[in-house]
Structures are given as C-alpha cells and as structure tokens.
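Q: Make a model of this:
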Amino acid sequence: MEYRSWSSIRNLKGKDLLWLVDYKPEELWSILDTARIFKERFYAGERVIPVLQGKVLAMIFQKPSTRTRISFEVAMLQLGGHALYLGWRDLQLGRGETIADTARVLSRYVDGIMARVFAQETIVELAKYADVPVINGLSDLVHPVQAISDMFTIWEKKGKLQGLKLVFVGDGSDNVLHSLLLASAKLGVNIAVASPKELRPNKEILRAAEEAAEFSGATIEFYEDPYEAVRGADIVYTDVWVSMGQEEEREKKVKMLEPYRVTVDLMKHAARDAIFMHCLPAHRGEEVVNEVIDGPWSVVWDQAENRLHVQKAILALLLA
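A: Numbers count the residues shown, from 1 in each chain. Below is the predicted model of the structure:
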C-alpha cells in the first residue's frame, strides 16, 4: 500500500486507542505508513522530528514495563515533546482518588494519556472522563500498541500482510493474542492459534475478529496440535505463559502448556522462510528455547525496536 506523510493524515487526531475494535483497516494502515516514514527518517539521521513540540504525555503505570515505558518516553523526546512517568502510587490513585477525577485533572495539564494497567475497565474509565486521547499501553484484555507494532514488523520483513499465515503458539487467552486477532483480521492476515482447548480467546474479542475477517478475507483457525498449526506458517509467535497478575496459576498453566514450547523441531514445520516473533520479556526455556529466540528465524530484536517507531506514529497521529 502506498504510504503518505503523517501531516496529510488527520483522521486519527483526538481518537483514543483502547483495543482496536473501533479502528478501521485504513486507520491501522495510516499508523503503519507513518511508522515507516519515521523509521526511514530516523536511519537517515533525523533523530528529532518536532511535530509534538511543547506537547506532554502522561504515562500511568500500574504494571512495570521495559519496552512500553522506554519506547513511549523516547518517542515523545524524538517528536519534540515530553513524557511524564507516573507510577500508580505516585498519584493520588494509590490513596483512593477516583479514576474519573484523575482523568479530569490530567486533561487540564497534558495533551495525552498512556496507561499500562491491570484491568481493561480502568482504561475505559480513563477514556470516558478524559478530554485528551487515551492510549492503552497494556491491560489484562488487550495490548493494542504491541499488535500494531507486530503488524509493522511483519510488513517490513515480508513486504506484505494480506494472505500471510501467522500462528500463535501458547495461551489462547493471552492479551497480546487478543490484539493480534483483531489486527490480523482487519489487515487480511490469516491467523491460527495452537493452544489447549481450555485456553481460548475472549468471546467478545473473537466475535469482533471474525466479523472483521469477513470483510478482509482473513481466516481464523484453532488447533490443539502445534505441529499441525505451524505447517506452512510464515510467522510463528509466542508469549509468556504466565502474565503479570496470574502468578497463582503458574504451576497449572506451565504443565498445561509444556507441549506448546517453541522448539527448533517445531520451527522446522513452518515455511522455509518463516520468522519467529515474541513480544518480550521471554522466559527462555519455557515458552521458547534459546536456539529459536537466538536463531536464524528470530526477529524479536527488530520487533522490539519497532515499538519506538510505531509509538511515534501513534502519538503523532493522535496528538498532533
């Protein structure tokens, strides 16, 4: 698809980014197009493109982070703006102030809010009462900024999205998978999920993805056998088996998911030019072996870098 300068795309200004259900394919392409421009200009030596000069992003963290915090903070710096790190207990939220009141107050000070929280309901409430765009940096339900960045990485590596086969191996109720389902379905990527039948996606998310797939022509399939699922895969993707906040389920989930470890043997059943992706952090030896994450299939470090360029695109389009 032809891409354009960010300044010619105004259809996202002021919009929230909560979970991708309400994002049209052309809006997602606007983000991908813009990220490509930012990355090209970055490598051409333009480290700062001040399209957000004087703008401030509030970053609320209820959960710890490496890639989300650093990518958004550096993105704002490289766009000429400023980011404020706000730990949950650094705010009066930690002492009982309501989310609604916090959203109202922050809206008087900043130009956008990014939040990384435990519950999707928290993000929804922030957006309901904020007068500035709210971006979901991760919740228990979805991780939209990760999935958009993943689509950018796939597009960069494969030169297209439509018709590719992406296979997610592991926990079928994973929040990253939820966003991958939505992004893939909207952008025409065929997605297969290899997981135990007890671990399946949120029904509302799956229904929305299936509706989107009807328009894009993408397919959504489920397998219990990971070897059957990855046959002919262009992309093999996995995530940690136990997310933050699920520690009490660890022993049960690890035992259930052991057959879904991504190994060299499993990767050999994918397409010859398949790539391996992981949103990180990885529990090496658990959901993926070292020989895969450090092997010739792996694009995880490019995938991590692309969070920066995609974050810049999201911020420029929503806040500029």
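Q: who touches Phe215 in this structure?
A: If you count contacts by CB atoms under 8 Å, 6 or more residues apart in numbering, Phe215 has them with Pro25. (Glycine included, C-beta is placed from N, CA and C.)
Q: host element of it?
A: helix 203-216 (DSSP states H and E).
Q: and the helix or strand following that helix, which strands flank it?
A: Downstream of helix 203-216, the next assigned helix or strand under DSSP H and E is strand 220-223. Note on strand 220-223: by DSSP bridges, its sheet partners are strand 190-194 (parallel).
Q: May I see the buried residues of stretch 83-97?
A: Ala83, Leu84, Leu86, Trp88, Leu91, Leu93 (16 or more other CB atoms under 10 Å).
Q: for stretch 162-175, same thing?
A: Under 16+ other CB under 10 Å, the buried positions of stretch 162-175 are Leu164, Lys165, Leu166, Val167, Phe168, Val169, Gly170, Asp171, Gly172, Ser173, Asp174, Asn175.
Q: Tell me how far that stretch lies from the chain's centre.
A: Stretch 162-175 sits 13 Å away from the centroid of its parent chain (CA atoms, centre = their mean, to the nearest Å).
Q: Helices of the stretch 151-300 of the chain, start to end?
A: 175-187, 203-216, 226-230, 250-257, 264-267, 290-293, 300-319 (DSSP state H, counting those that start in this stretch).
Q: circling back: between helix 175-187 and the helix holding Phe215, find me the angle.
A: 20 degrees (axes from the mean of the first three to the mean of the last three CA atoms, to 10 degrees).
Q: next one: helix 203-216 to chain centre, how far?
A: For helix 203-216, the distance to the chain centre is 18 Å (CA atoms, centre = their mean).
Q: ok, now stretch 134-141?
A: Chain-centre distance of stretch 134-141: 9 Å, with CA atoms, centre = their mean.
Q: quick check: mean pLDDT across it?
A: Averaging pLDDT along stretch 134-141 yields 97.
Q: Low-confidence ranges, the stretch 201-320 of the chain, go.
A: 244-246 (pLDDT under 70).
Q: Kindly recompute the last result at 50.
A: Within the stretch 201-320 of the chain, no range satisfies pLDDT under 50.
Q: Make sure Pro144 is actually in contact with Asp16.
A: No: judged on CB atoms under 8 Å, Pro144 makes no contact with Asp16 at a distance of 10.3 Å.
Q: Which one's more surrounded, the two?
A: Pro144 (29 against 20; other CB atoms under 10 Å).
Q: separation between Val300 and Glu156?
A: 14 Å (CB to CB, to the nearest Å).
Q: ok, those two, which is more surrounded?
A: Val300 (20 against 17).
Q: So what pairs up with the residue nearest to that one when sequence neighbours are not counted in the strands?
A: Leaving out its chain neighbours, the residue that sits closest to Val300 by CB to CB, 6 or more residues apart in numbering is His278, at 4.9 Å. Per DSSP bridges, the residues bridged to His278 are Thr238.
Q: Any idea how many residues pack against His278?
A: His278, neighbours per other CB under 10 Å, totals 25.
Q: ok, it to Arg284 distance?
A: From His278 to Arg284 the distance is 10 Å (CB to CB).
Q: what do you get for Met277?
A: Noted for Met277: a distance of 15 Å to Arg284, by CB to CB.
Q: Which residue of those two possesses the greater neighbour count?
A: Met277 (24 against 13).
Q: wait, what's in contact with that one?
A: Met277 neighbours (CB under 8 Å, 6+ apart): Asp150, Thr153, Ile154, Ile235, Val236, Tyr237, Thr238, Val299, Val300, Gln303.
Q: ok so, going back, make JSON lines from the helices of the stretch 151-300 of the chain and add distance to Asp273 to it.
A: Listed next are these as JSON lines, based on distance: least, CB to CB, whole Å:
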{"stretch": "helix 175-187", "distance to Asp273": "19"}
{"stretch": "helix 203-216", "distance to Asp273": "23"}
{"stretch": "helix 226-230", "distance to Asp273": "14"}
{"stretch": "helix 250-257", "distance to Asp273": "27"}
{"stretch": "helix 264-267", "distance to Asp273": "11"}
{"stretch": "helix 290-293", "distance to Asp273": "15"}
{"stretch": "helix 300-319", "distance to Asp273": "15"}
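Q: Out of those, which is the most enclosed?
A: helix 175-187 (a mean of 27; mean count of other CB atoms under 10 Å).
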